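Visitor: Got a predicted structure here, sequence first:
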Amino acid sequence: MINKKITWKELKALDDIYHLKKTKAAIQGHPYINYLINDKGILDLKRDNIKVIISTEGFEEFYEKEFKLQYDEAKSFLENNGIEANAKKNFTLEEVKTLMLIEENKEELKSKPTNIEDFSNEFFDISKYLKNKTGLRNAVFKILDITQFPLDKKENQWRIVVDRQNPDAVVLCENKSFLKQTWIAKSTNVKLWYVGGNNIKILDDIDEIELAKPFYYCCDWDLAGLEIYERIKKKLKLRNKDIVLLYPNEPHKKISTYIEYHDSHWNLNKILSGLQIGNFNKKELQLIQDLIKNEQWIEEESFDLIQILKVVLLIKQ
């Protein structure tokens, strides 16, 4: 699994190792690099110069699977936006993905100016994130062609999407993770639209042309995620439009609802945790009941969304 704490320095070094079979970058102190050297054994230190890291058998395949596509797209994006992509940048891959999402929605964001705290909280989940990261903040300013955030408008309903000119379907996502992976929209020819939490009011403005496409919802399979799905389903019903809940890949990656970063728990005192039985088919109900019984959930980010969409779109055809 990709370590989101890896910065551009480590990413560039790994890319150098892939292309040149070695790097002189001082990255041995990073825990993930040490893992690749000592535990995974796909990197090693050169015998006659331990400051040089070299690749071993298995590294090329590993890099192509875990990093290459994302690094190449991220590097191209930075260069195309006039942001120098060198080892001095301390961006993480996840931060660059977020910058890509911001650029994708540039015109929408510029039309509804906000303050730095709300913008930071919306895209980086922490209100002071951009205040504490000068380089990243400057990159956001460069992408949006601004020098600072106006401080007089605070509440916005942004339409955050990854567009396609003639999509086969529209996928509403509870979280923004898949929107940061723009190749998903390209490889499946779908429009990805962030509609989660309190951000569902924007559905009121969907035009009739867009409603003609099949609609799917991708979310965490926990109480909060499925409640949002029910609210969306109810809202779209007023427009005579149905939406299909995307079923997680099997085998299901179930985890406890009581892990540190998760705060949505099932209501064990209500039938189906208070969800409406009629909103789900038999297969979905069985999975939900199992999750409730074992107090587990399935994280949206664990889905192989491309494979799920290939199957549902093929069936639709």
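Guide: Received it, and whenever you're ready, just let me know what you need.
Visitor: taking the mean pLDDT, what do you get for stretch 143-162?
Guide: Stretch 143-162 shows a mean pLDDT of 70.
Visitor: strand partners of the longest strand anywhere in the chain, parallel vs antiparallel please.
Guide: With DSSP state E setting the assignment, residue counts place strand 49-55 as the longest strand in the chain. In the sheet containing strand 49-55, its partner strands are strand 22-23 (antiparallel), strand 43-46 (antiparallel), by DSSP bridges.
Visitor: Now distance to Y71, mean neighbour count and mean pLDDT too, for the ones you listed, in a markdown table please.
Guide: All C-beta atoms are positioned from the backbone trio N, CA, C, and that covers glycine. Shown next, in a markdown table, are those (distance: least, CB to CB, whole Å; neighbours: other CB atoms under 10 Å; pLDDT from 0 to 100):
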| stretch | distance to Y71 | mean neighbour count | mean pLDDT |
| --- | --- | --- | --- |
| strand 22-23 | 14 | 20 | 93 |
| strand 43-46 | 16 | 16 | 91 |
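Visitor: right, and these - which one's nearest L313?
Guide: In terms of CB to CB, the element of the strands paired with strand 49-55 nearest to L313 is strand 43-46, at 39.3 Å.
Visitor: hmm, who's touching that closest one?
Guide: Applying CB atoms under 8 Å, 6 or more residues apart in numbering, the contact partners of strand 43-46 are 17, 22, 28, 33, 36-37, 51-56, 59.
Visitor: nearest spatial neighbour of the residue nearest the centre of the chain, skipping sequence neighbours?
Guide: Residue closest to the average C-alpha location in the chain (CA atoms, centre = their mean): S177, at 1.1 Å. In space, S177 comes closest to E301 once its chain neighbours are excluded; the distance is 4.8 Å by CB to CB, 6 or more residues apart in numbering.
Visitor: before we move on, what about L309?
Guide: In space, and not counting its chain neighbours, L309 is closest to T188: 4.4 Å by CB to CB, 6+ apart.
Visitor: wait, doesn't V96 sit right on F77?
Guide: Yes: V96 is within contact range of F77, at 6.8 Å (criterion: CB atoms under 8 Å).
Visitor: So between these two, which is more surrounded?
Guide: Relative neighbour count places V96 above the other of V96 and F77, with 25 against 19, counting by other CB atoms under 10 Å.
Visitor: how about the more buried one, what does it touch?
Guide: V96 sits next to 8, 74, 77-78 when contact means CB under 8 Å, 6+ apart.
Visitor: What residues of the helix of greatest length in the chain count as buried?
Guide: Once the chain is assigned using DSSP state H, the helix that runs over the most residues is helix 223-237. Judged by neighbour count (16 or more other CB atoms under 10 Å), helix 223-237 contains these buried residues: 223-230, 232-233, 235-236.
Visitor: What lies in contact with the helix or strand just after it?
Guide: Helices and strands here follow DSSP states H and E; after helix 223-237, the next one along the chain is strand 244-245. Counting contacts by CB under 8 Å, 6+ apart, the residues outside strand 244-245 that touch it are 214-217, 219, 229, 280, 284, 312.
Visitor: mind running it again at 10 Å?
Guide: Surrounding strand 244-245, the residues in contact under the criterion CB atoms under 10 Å, 6 or more residues apart in numbering are 169, 171, 214-219, 221, 225-226, 229-230, 232-233, 279-281, 284, 312, 316.
Visitor: Can you give the strand pairings for it, parallel or anti for each?
Guide: When pairing is defined by DSSP bridges, strand 244-245 lines up against strand 215-218 (parallel).
Visitor: The strand it pairs with: how far from the chain's middle?
Guide: Taking CA atoms, centre = their mean, to the nearest Å, one finds the center of strand 215-218 at 15 Å from the center of the full chain.
Visitor: Which positions in that strand come out as buried?
Guide: Within strand 215-218, the residues that count as buried by 16+ other CB under 10 Å are 215-218.
Visitor: Likewise for stretch 301-313?
Guide: Taking 16+ other CB under 10 Å as the basis for neighbour counts, the residues of stretch 301-313 that come out buried are 303, 305, 308-309, 312-313.
Visitor: wait, isn't L78 in contact with L93?
Guide: No: contact status for L78 versus L93: not in contact, 11.4 Å apart, counting by CB atoms under 10 Å.
Visitor: overlap in contacts of the two?
Guide: A shared contact of L78 and L93, defined by CB under 10 Å, 6+ apart, is any residue touching both; here these are W8.
Visitor: if we can go back for a sec, dump the strands paired with strand 49-55 into CSV; add distance to W183 as well.
Guide: Putting the strands paired with strand 49-55 into CSV (distance: least, CB to CB, whole Å) gives the following:
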stretch, distance to W183
strand 22-23, 26
strand 43-46, 26
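Visitor: Quick check: the residue lying farthest from the centre of the chain vs L20, distance?
Guide: The centre of the chain is farthest from one residue, D48, which by CA atoms, centre = their mean lies 41.9 Å away. When CB to CB, to the nearest Å is applied, the distance between D48 and L20 equals 17 Å.
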